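*Asks:* Quick one: sequence plus predicted model below, questions after.
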Amino acid sequence: MPVKLRKKQQQKLPGSEAKMQPQPKFDNPHYKGSGKLKNKVAIITGADSGIGRAVAILFAKEGANIVCSYLNEHKDAAVTKKYVESLGKKCLLIPGDISKSAHCKKIIKKTMSEFKKIDILVNHAGEQYQTDTLQDVSDDALEKIFKVNVFSMFYLTREALKHLPENSCIINTVSIVAYEGNPLLLDYSATKAAALGFTRALSQSLVDKKIRVNGVAPGPIWTPLVPASFDPKKVSEFGSQTPMKRAGEPFEVAPAYVYLASDIDSSFVTGQILHVNGGKVVNG
């Protein structure tokens, strides 16, 4: 059976979910929460759209209040807030640039002011650019992508650790490219390899404090990052090389984050990466 391609399309970073054709599926109406995260407070960077939004909605279904950190995609963030609040949970929106240490401190300060605690930190937000050759990676772009994708995890986690109690958790979004590499995403692949190393090292650093640290490594998932990163032809073919011959939807990734966030389900799990990638087998 031939692979059905998506419509060719392109956006500017950071991208808008509302402009995508078709729009990503971020909610699974058949998912019923069971209180796994009841009364927890979760900070999720990049929760305005894509995987981050799907995670926020699923966490809310499981009983958590949400802090949605995002850059400037106010319309997308408003949709996340609406969905979370429709589930009877609070959603605090905090726009700003997480590549800045001062802003990461602001996120933690506002969270503590609003909710008085932090139970879950999801370092998810990131950016990527198509780079056909190493010569396409400028000094400025290299510095920027590492600040957004890697430095922010250090900044935010360092500040959050002042408040994270025993049995809390940190979940970092890695990527399949940390394992496979991607010739069109040289700098992004390097940042995700760094995220992988950070996750594993931090898990060992915090195990005695009874704080679990894990990660999720998505494969190709249909999110605003795709049309904002690749040329229209690549967008139309996105995900067709997986064994399942398609890209995944955000709601198909989100349950992995619920599992890792729940001390009911994953109390004996730290330093691990869950792979949600449409059937690709990766080493490591």
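*Replies:* Looks like it arrived, so ask away.

*Asks:* got the buried residues for stretch 125-142?
*Replies:* For stretch 125-142, a neighbour-count test (16 or more other Cβ atoms under 10 Å) marks 125-129, 131, 137 as buried. Every residue, glycine included, has its C-beta placed from N, CA and C.

*Asks:* What helices and strands are in contact with the host helix or strand of Leu93?
*Replies:* For Leu93, the enclosing helix or strand under DSSP states H and E is strand 91-95. Under the contact criterion of 3 or more Cβ pairs under 8 Å, 6 or more residues apart in numbering; DSSP states H and E, strand 91-95 touches strand 65-70, helix 74-86, helix 101-115.

*Asks:* okay, the buried residues of stretch 125-142 in TSV with pLDDT next?
*Replies:* As requested, those are exported to TSV (pLDDT from 0 to 100):
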residue	pLDDT
Ala125	96
Gly126	94
Glu127	93
Gln128	88
Tyr129	87
Thr131	87
Val137	94
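
*Asks:* Averaged pLDDT, the strand or helix carrying Gln204. What do you get?
*Replies:* Here Gln204 sits within helix 186-206, counting by DSSP H and E. Averaged over helix 186-206, pLDDT sits at 97.

*Asks:* roughly how far is whichever helix or strand comes after that helix from the heart of the chain?
*Replies:* For helix 186-206, the following helix or strand on the C-terminal side (DSSP H and E) is strand 212-218. Strand 212-218 sits 10 Å away from the centroid of its parent chain (Cα atoms, centre = their mean, to the nearest Å).

*Asks:* again, but for stretch 177-188
*Replies:* Centroid separation for stretch 177-188 versus its chain: 17 Å, with Cα atoms, centre = their mean.

*Asks:* ok so, going back, mind listing what's buried along the helix holding Gln204?
*Replies:* Using 16+ other Cβ under 10 Å as the test for burial, helix 186-206 gives 186-196, 198-200, 202-203, 206.

*Asks:* Which secondary structure elements does that helix sit against?
*Replies:* Helices and strands touching helix 186-206, as assessed by 3+ Cβ pairs under 8 Å, 6+ apart, comprise helix 139-146, helix 152-160, strand 169-173, helix 177-180, strand 212-218.

*Asks:* These: which one's closest to Lys38?
*Replies:* The minimum distance between Lys38 and the helices and strands packed on helix 186-206 falls on strand 169-173, with 15.0 Å, by Cβ to Cβ.

*Asks:* Show me what the closest one is in contact with.
*Replies:* The contact list for strand 169-173 (Cβ atoms under 8 Å, 6 or more residues apart in numbering) reads 51, 119-124, 126, 153, 157, 160, 164, 195, 198-199, 202, 206, 211-218, 257, 260-261, 263, 266.

*Asks:* Tell me who's in contact with Ile221.
*Replies:* Contacts for Ile221 were tallied using Cβ under 8 Å, 6+ apart; they are 50-51, 247-250, 252-253, 276.

*Asks:* Check the gap between it and Ala254 for me.
*Replies:* Here the distance between Ile221 and Ala254 works out to 10 Å (Cβ to Cβ, to the nearest Å).

*Asks:* Identify the contacts common to the two.
*Replies:* In contact with both Ile221 and Ala254: Ile51, using Cβ under 8 Å, 6+ apart.

*Asks:* How many neighbouring residues does the closest residue to His163 other than its chain neighbours have?
*Replies:* Closest residue in space to His163, ignoring its immediate chain neighbours: Ile118 at 4.9 Å, by Cβ to Cβ, 6 or more residues apart in numbering. The burial count assigned to Ile118 is 23, neighbours taken as other Cβ atoms under 10 Å.

*Asks:* is it true that Ile118 touches Glu159?
*Replies:* No. Counting by Cβ atoms under 8 Å, Glu159 is not a contact partner of Ile118; they are 9.7 Å apart.

*Asks:* Now the common contact residues for these two.
*Replies:* Counting by Cβ under 8 Å, 6+ apart, the residues touching both Ile118 and Glu159 are Ile108.

*Asks:* Can you classify the closest residue to Asn28 other than its chain neighbours as helix, strand or coil?
*Replies:* Take Asn28 and drop its neighbours on the chain: the residue closest to it by Cβ to Cβ, 6+ apart is Phe251, 4.4 Å away. What DSSP: H, G, I helix; E, B strand; the rest coil gives for Phe251 is helix.
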